[in-house]
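Colleague: Provided below are the primary sequence and the corresponding predicted coordinates.
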There are 2 protein chains.
Amino acid sequence: MRRPTLHAVAARAGVSKSSVSRVINGEPTVAPEIRQIVMAAVTELGYVPNGAARNLVTQKTNTIAIIVSDPPAGLVSDDPMFAMVVRAASRELEAAGKQVSLVLAGSDESRLRAEQYLAAGHVDGAMLVSMDGSDPLPAVLARTGLPIVSHGRLATPGLMPSVDNDNLGGATKAVQHLLDQGRQRIATISGPLDMQAAQQRLTAYRQTLKNTGRRSIVALGDFTRISGAEAMSQLLEDDPQLDAVFAANDLMAIGALRTLREAGRRVPDDVAVVGFDDIEAALYTAPPLTTVRSPMGEQAARTVRLLLDLLANGSADSVTLPTELVIRESA
Amino acid sequence: MRRPTLHAVAARAGVSKSSVSRVINGEPTVAPEIRQIVMAAVTELGYVPNGAARNLVTQKTNTIAIIVSDPPAGLVSDDPMFAMVVRAASRELEAAGKQVSLVLAGSDESRLRAEQYLAAGHVDGAMLVSMDGSDPLPAVLARTGLPIVSHGRLATPGLMPSVDNDNLGGATKAVQHLLDQGRQRIATISGPLDMQAAQQRLTAYRQTLKNTGRRSIVALGDFTRISGAEAMSQLLEDDPQLDAVFAANDLMAIGALRTLREAGRRVPDDVAVVGFDDIEAALYTAPPLTTVRSPMGEQAARTVRLLLDLLANGSADSVTLPTELVIRESA
DNA sequence: GCGAACTGAGGGAACGTTCCCTGAGTCTGA
DNA sequence: TCAGACTCAGGGAACGTTCCCTCAGTTCGC
């Protein structure tokens, strides 16, 4: 049983398909009685315009791609960032009447697919999420000429507009807070350094400590809980005297808390911990996590609006959102 | 600068567009030298077939919709379930060469949009995620005649095939474990009762207790951390003597742990806590959470394969995946 | 009262593919 | 050697819309 076409509706209503098209698209130049007849025929037949035909003739799809760099299949990913960003962005897109196409770009193969997908005209624009600096995808996609924006700054600036949060300022506040508390040996657990956010948070940490003549104590993580736990172990080994840790995101801070607990260190008495992001889980750690709030949901929404601007005006300016220190009990 | 068309490639290669089409689609009935000439022209011009035109003529889109029931915009949602399920499903779909269209169905308005979207032929099939029993969407979408499957059993069975995990068995194991430990007053924090999973977990709890002659102590949550914390407060008020809690998911268990900590109850000494799902965060609570492992990622992947079966064979049978108790320190 | 301007409906060409059908050329077997 | 089968390229009709253009009918101004 094939779906009814514009033609069928026109025949049913006894008018031309042009008129039906006009009614469907809400054009004003159509007589009320014709509109009525057409509407009746539409509901009677249960007509819904065919998307592909529309896309073909109008050369637009009303669809936006959200392209997320996906970790290798082995890694688990209940990643709160993914949930928040994808969900917030989808909501904002839906509010604007756009459909959402989700593209996971993990392997080289899937990157190629993503490129072809965009080139095939399936979408009107795209939003990139958490691309690391070594990822060739942004540059490749930028070459398609489609409007594209990035959630989070890219390694190569100027490639496309982006919305980022103030990583430098936030990390500085976090480390400064530890200094203000009189902490002497402040370590950090960094994120993967091919990501801009991780870079900037580390830079701010280093700079802030340097201003006080202290030395950096750095362990490398990859923004996951387990990497935070492991990095913390290493830090304790490197400097058993450390009395504070700044983790570059909350997930790693949570991992660090576990290691500290297992090592018998009290938080914050022995070791103070500060995270970054203020994910919801930060409210539920023991003790509750002091962290830097980066409004990921709002960032995602703003990124979408940036893209919509770009679509409408042909240009849009990058934005940096402020971050704020949220003091709880871990530091 | 318009993208090159099939026609342009044909002209460039000096062959008919039929031949180009055949080469593009990898049909065997084409002479090697023609294939070569065409391929050269394709790469030279950077040709990528237009998706809309393809979809129109073939009447298929190679796209699957993932339809997620979205909570009202106010509620936060770093929901690990969302991340796991969407990510795992997307991966599986990509592996099958399908594009993913993400549809958030929150408001009545967006439900209507979802319906129109499917009816417009934008997708070949759909996967429903976490629909509550009162949601009219599954029934409405089933009427479109498109192949649709559900991640998690629906309230109205027989509407479409689904993949669920063994909620009954899992919850029974959890409560039994508490009984085996000699716990006397075992409470539960239930999920929203219009969801099948919550229903079943509550039923199993009730039944298992009933078999021992104990009475049920129930508080209602909605699967979020905060609701778990609040429900725990209420339980402590209702029965200060309780010595065990079965939370219907890990997020609520995490909330309950916080309330217990704030109330000065030791876990598991004073109160044992068991969760459900075994999300990654369950490894990082203090103490680590005893819980029932429900393989959400695998469930999502299986749901996708069920849909692919349905697409290929016209029929597919529902599946129930086993659950398993994971004993850690909280009980 | 008549030409000009305007309103609103219909016809039909496009959009860029796929795929059926035709037919030219080649191969096979008796 | 020639009919018949077989191979493979090209022509062109679909797919279901949108939107430009034409044109009939009405309204308006002078």
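Modeller: Received it, and whenever you're ready, just let me know what you need. Predicted model, so just to flag it, every value in this text is computed and none were measured.
Colleague: what comes up buried for the top helix by length along chain A?
Modeller: Secondary structure of chain A per DSSP state H: the longest helix is helix A:296-313. Residues of helix A:296-313 classed as buried: A:296-297, A:299-311 (neighbour count, 16 or more other CB atoms under 10 Å in any protein chain shown). In this view, the C-beta of every residue, glycine as well, is placed from N, C-alpha and C.
Colleague: Greatest separation within the residues you listed: which pair is it?
Modeller: Farthest-apart pair in the buried residues of helix A:296-313 is A:Met296 and A:Leu311; separation 22.8 Å (CB to CB).
Colleague: that older thread, chain B: which of the buried residues of helix A:296-313 is nearest?
Modeller: A:Gly297 (7.5 Å; CB to the nearest CB).
Colleague: dump the residue contacts of the closest one.
Modeller: A:84-85, A:87-88, B:76 (CB atoms under 8 Å, 6 or more residues apart in numbering or on different chains).
Colleague: what's the answer for A:Asp70, then?
Modeller: A:77, A:104-106, A:110, B:87, B:90-91.
Colleague: Recalculate using a threshold of 7 Å.
Modeller: By CB atoms under 7 Å, 6 or more residues apart in numbering or on different chains, the residues touching A:Asp70 are A:104-106.
Colleague: Then A:Leu178?
Modeller: Contacts of A:Leu178 (CB under 7 Å, 6+ apart): A:186, A:244, A:246, A:272, A:274, A:331.
Colleague: beta partners for the second one?
Modeller: Judged by DSSP bridges, the bridge partners of A:Ala244 are A:Ile186, A:Ala272.
Colleague: For the stretch 1-150 of chain A, what lies in contact range of DNA strand D?
Modeller: Within the stretch 1-150 of chain A, the positions lying close to DNA strand D (CB under 7 Å from any atom of the strand) are A:2-3, A:5-7, A:17-18, A:21, A:24-25, A:47, A:49-50, A:53-54, A:56-58.
Colleague: mind redoing it with 6 Å?
Modeller: A:2, A:5-7, A:17-18, A:21, A:24-25, A:49-50, A:53-54, A:56-58 (CB under 6 Å from any atom of the strand).
Colleague: Tell me the one among those nearest to B:Ala231.
Modeller: Using CB to CB, those come closest to B:Ala231 at A:Pro49, 47.1 Å.
Colleague: how about the residue in the stretch 51-200 of chain A that DNA strand C sits nearest to, what does it touch?
Modeller: Closest contact between the stretch 51-200 of chain A and DNA strand C, by CB to the nearest atom of the strand, is at A:Val57 (3.4 Å). With contacts taken as CB under 7 Å, 6+ apart, A:Val57 has no neighbouring residues.
Colleague: Helix or strand: which one has it?
Modeller: Following DSSP states H and E, one finds A:Val57 within helix A:51-58.
Colleague: for that helix, the distance to its chain's centre please.
Modeller: In terms of CA atoms, centre = their mean, to the nearest Å, the centre of helix A:51-58 is found 30 Å from the chain centre.
Colleague: For that helix, list the C-alpha coordinates in CSV.
Modeller: Extracted in CSV, the C-alpha atoms of helix A:51-58 (Å, rounded to 0.1, in the frame of the first residue of the first chain):
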residue,chain,number,x,y,z
GLY,A,51,10.8,14.1,2.0
ALA,A,52,13.2,12.9,-0.6
ALA,A,53,11.3,14.6,-3.4
ARG,A,54,11.2,17.8,-1.5
ASN,A,55,14.9,17.7,-0.7
LEU,A,56,15.7,17.0,-4.3
VAL,A,57,13.9,19.9,-5.7
THR,A,58,14.6,22.5,-3.0
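Colleague: could you give the angle of it to helix B:51-58?
Modeller: Compare the direction of helix A:51-58 with that of helix B:51-58 by axes from the mean of the first three to the mean of the last three CA atoms, to 10 degrees and you get 130 degrees.
Colleague: just for the stretch 51-200 of chain A, where's the confidence low?
Modeller: A:72-77 (pLDDT under 70).
Colleague: For chain A, what lies in contact range of DNA strand C?
Modeller: So chain A meets DNA strand C at A:15-19, A:29-31, A:34, A:56-57 (CB under 6 Å from any atom of the strand).
Colleague: please redo it, this time with the cut-off set to 10 Å
Modeller: A:6, A:10, A:13-23, A:27-35, A:37-38, A:52-59, A:120-121 (CB under 10 Å from any atom of the strand).
Colleague: Quick check, the residue in the stretch 201-331 of chain A closest to DNA strand C?
Modeller: A:Leu311 (19.5 Å).
Colleague: can you tell me which residues contact that residue?
Modeller: So A:Leu311 contacts A:124-125, A:147 (CB under 7 Å, 6+ apart).
Colleague: The same query, at a cut-off of 10 Å, please.
Modeller: Shown in contact with A:Leu311 (CB atoms under 10 Å, 6 or more residues apart in numbering or on different chains): A:60, A:64, A:96, A:98, A:124-125, A:146-147, A:149.
Colleague: and if you look at A:Arg3?
Modeller: A:45-50, B:119-121, B:144-145.
Colleague: Try it again at 7 Å.
Modeller: A:Arg3 neighbours (CB under 7 Å, 6+ apart): A:Val48.
Colleague: Look at it and report its pLDDT.
Modeller: pLDDT recorded at A:Arg3 is 87.
Colleague: In three-state terms, label it for me.
Modeller: coil (DSSP: H, G, I helix; E, B strand; the rest coil).
Colleague: Quick check on it: phi, psi?
Modeller: The phi/psi pair for A:Arg3 (degrees, to the nearest 10) reads phi -70, psi 150.
Colleague: again with the one 3 residues further on
Modeller: In this entry, A:Leu6 is assigned phi and psi values of phi -50, psi -40 (degrees, to the nearest 10).
Colleague: The stretch 1-150 of chain A: helices as residue ranges?
Modeller: A:6-13, A:17-24, A:32-45, A:51-58, A:80-95, A:108-119, A:137-142 (DSSP state H, counting those that start in this stretch).
Colleague: Please identify the buried residues of the fifth one?
Modeller: Going by neighbour count (16+ other CB under 10 Å), the buried part of helix A:80-95 is A:80-94.
Colleague: Using CSV, write out the CA atom coordinates for it.
Modeller: Only the C-alpha atoms of helix A:80-95 are listed here, as CSV (Å, rounded to 0.1, in the frame of the first residue of the first chain):
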residue,chain,number,x,y,z
PRO,A,80,28.0,12.5,30.5
MET,A,81,29.5,15.0,28.1
PHE,A,82,28.1,13.0,25.1
ALA,A,83,24.7,12.8,26.7
MET,A,84,24.5,16.4,27.7
VAL,A,85,25.8,17.8,24.5
VAL,A,86,23.9,15.6,22.1
ARG,A,87,20.7,16.1,24.0
ALA,A,88,21.0,19.8,24.4
ALA,A,89,22.0,20.3,20.8
SER,A,90,19.2,18.1,19.6
ARG,A,91,16.6,20.0,21.6
GLU,A,92,17.8,23.3,20.3
LEU,A,93,17.8,22.0,16.7
GLU,A,94,14.3,20.6,17.1
ALA,A,95,13.1,23.9,18.5
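Colleague: Dump the contacts of A:Leu178 into CSV; add neighbour count as well.
Modeller: Listed next are the contacts of A:Leu178 as CSV, based on neighbours: other CB atoms under 10 Å in any protein chain shown:
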residue, neighbour count
A:Ile186, 25
A:Ala244, 25
A:Phe246, 31
A:Ala272, 22
A:Val274, 30
A:Ala331, 25
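Colleague: got a list of what A:Pro268 touches?
Modeller: A:287, A:329-331.
Colleague: pretty sure A:Val326 contacts A:Ile279?
Modeller: No - A:Val326 is not in contact with A:Ile279 according to CB atoms under 7 Å; the separation is 11.2 Å.
Colleague: and these two? which has more neighbours close in?
Modeller: Between A:Val326 and A:Ile279, counted using other CB atoms under 10 Å in any protein chain shown, A:Ile279 has the larger neighbour count: 26 against 17.
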